[in-house]
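>>> show me how the following folds:
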Amino acid sequence: MKKINLAITGCLGRMGQHLIKSSKNKKDFKIVALTESRIIRKKISGLKLELNNVNAFKKANVIIDFTVPKCTLQVLKIASKLGKRVVIGTTGFSKKEENLIKKFSRKIPILKAGNMSLGVNLLMYLTEIASKSLSNNFLTKVYEVHHKYKKDHPSGTALMLGKGIADGKNKNLYNLIGKKYLNKKTFPYGKKINFNSIRKGNVIGEHEVRFSSGKETVTLNHESFDRALYSEGALSASKWLMKKKAGLYSMRDLLNFK
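Residues are numbered from 1 along each chain as shown. Predicted coordinates:
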């Protein structure tokens, strides 16, 4: 089988480093470009670091992007010109930016996920089922923990879980987002979905969804122990995306959750 040529953006970041390591251990992939937001005179795996541009991406079959929204949109603009597939693990997009991503997906195949983990995507699926099954008497809230360097809050995964709650009720997530707390020991349920984000230490990721009627509580949770599960998920997404036409896909599509 012909190897898939990869371009990895934000290659010096945590996920960039894990993607490089994971792709080296997979026979199906070959890294052809590594980019960063600024010029750094350094080589990784024999490749010079480049800025995001046409020349950097022209040999790639798939671009994997775990950066920041501004950078991701820059990458998508270049990718759409070149007809390249893009796997997006970046989080923290605004509603306007989400709409821009949808526009780009009319031209190229894009797989976007707030979390590339099989377990987390299963959790989202179960969250949607629970939300659909439980009556409106049940209030909800989402709790998440990440390392102290993570800037956005709630995390992309927490918002994914919020979307699972919203989808279960056939409602729009943006209309259901309630209060957003940061580093609170406790936080309340609300008529909308309240989020609490904890930033501490080197925690890879903990997520919890709670449904409560006041008489009983249903809790769904997931804990990550190895960041490699995200990079390996992104590589699986890259392989899957090779066979897809233009469109916006998710890990749920890859995993075939109905």
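
>>> quick one: distance of the helix or strand E97 falls within to the chain centre.
In this assignment (DSSP states H and E), E97 forms part of helix 95-104. In terms of Cα atoms, centre = their mean, to the nearest Å, the centre of helix 95-104 is found 15 Å from the chain centre.

>>> then that helix to CSV, C-alphas only?
What follows is helix 95-104, C-alpha atoms only, in CSV (Å, rounded to 0.1, in the frame of the first residue of the first chain):
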residue,chain,number,x,y,z
LYS,A,95,-19.6,30.1,16.0
LYS,A,96,-18.4,32.3,13.1
GLU,A,97,-15.2,30.2,12.8
GLU,A,98,-17.3,27.0,12.8
ASN,A,99,-19.3,28.4,9.9
LEU,A,100,-16.1,29.2,8.0
ILE,A,101,-14.9,25.6,8.5
LYS,A,102,-18.2,24.4,7.0
LYS,A,103,-17.7,26.6,3.9
PHE,A,104,-14.2,25.1,3.4
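
>>> pull the contacting residues for the most centrally placed residue in the chain.
By Cα atoms, centre = their mean, the chain has its centre lying nearest to G114, at 2.3 Å. By Cβ atoms under 8 Å, 6 or more residues apart in numbering, the contact set of G114 is T91, S155, G156, T157, L159, M160. Backbone N, C-alpha and C define where each C-beta goes, glycine included.

>>> with N202 instead?
Counting by Cβ under 8 Å, 6+ apart, N202 has contacts H147, K148.

>>> in helices, which of the contacts of G114 appear?
The helices, defined by DSSP state H, take in G156, T157, L159, M160 from these.

>>> and L123, how far from N183?
Relative to N183, L123 is positioned 23 Å away (Cβ to Cβ, to the nearest Å).

>>> ugh, typo on my part, it should be K102
33 Å.

>>> remind me what the longest helix along the chain packs against, helices and strands.
Among the segments of the chain that qualify as a helix by DSSP H, the longest is helix 118-133. For helix 118-133, the packing partners by 3 or more Cβ pairs under 8 Å, 6 or more residues apart in numbering; DSSP states H and E come out as helix 156-168, strand 205-212, strand 217-224, helix 228-241, helix 251-255.

>>> export those as TSV, with columns for distance to G10.
What follows is the helices and strands packed on helix 118-133, written out as TSV (distance: least, Cβ to Cβ, whole Å):
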stretch	distance to G10
helix 156-168	15
strand 205-212	18
strand 217-224	19
helix 228-241	12
helix 251-255	20
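
>>> out of these, deepest packed?
Most buried of the helices and strands packed on helix 118-133 by mean neighbour count (mean count of other Cβ atoms under 10 Å) is helix 156-168; its value is a mean of 24.

>>> which residues sit in contact with W240?
W240 neighbours (Cβ under 8 Å, 6+ apart): L111, L254.

>>> before we move on, the earlier item: quick one, which of L123 and N183 is more surrounded?
The neighbour count for L123 versus N183, taken as other Cβ atoms under 10 Å, is higher for L123 (22 against 11).

>>> doesn't L220 make contact with that one?
Yes - using Cβ atoms under 8 Å, L123 is in contact with L220, at 6.0 Å.

>>> need the residues touching each of those two.
With Cβ under 8 Å, 6+ apart, L123 and L220 have common neighbours V209.

>>> quick one: mean pLDDT for the helix holding E97?
For helix 95-104, mean pLDDT rounds to 96.

>>> for that helix, which helices and strands make contact with it?
So helix 95-104, by 3+ Cβ pairs under 8 Å, 6+ apart, packs with helix 69-82, strand 109-112.

>>> which residues touch the shortest one?
Applying Cβ under 8 Å, 6+ apart, the external contacts of strand 109-112 come out as 76, 85-88, 101, 104, 237, 240-241, 244-251, 253-254.
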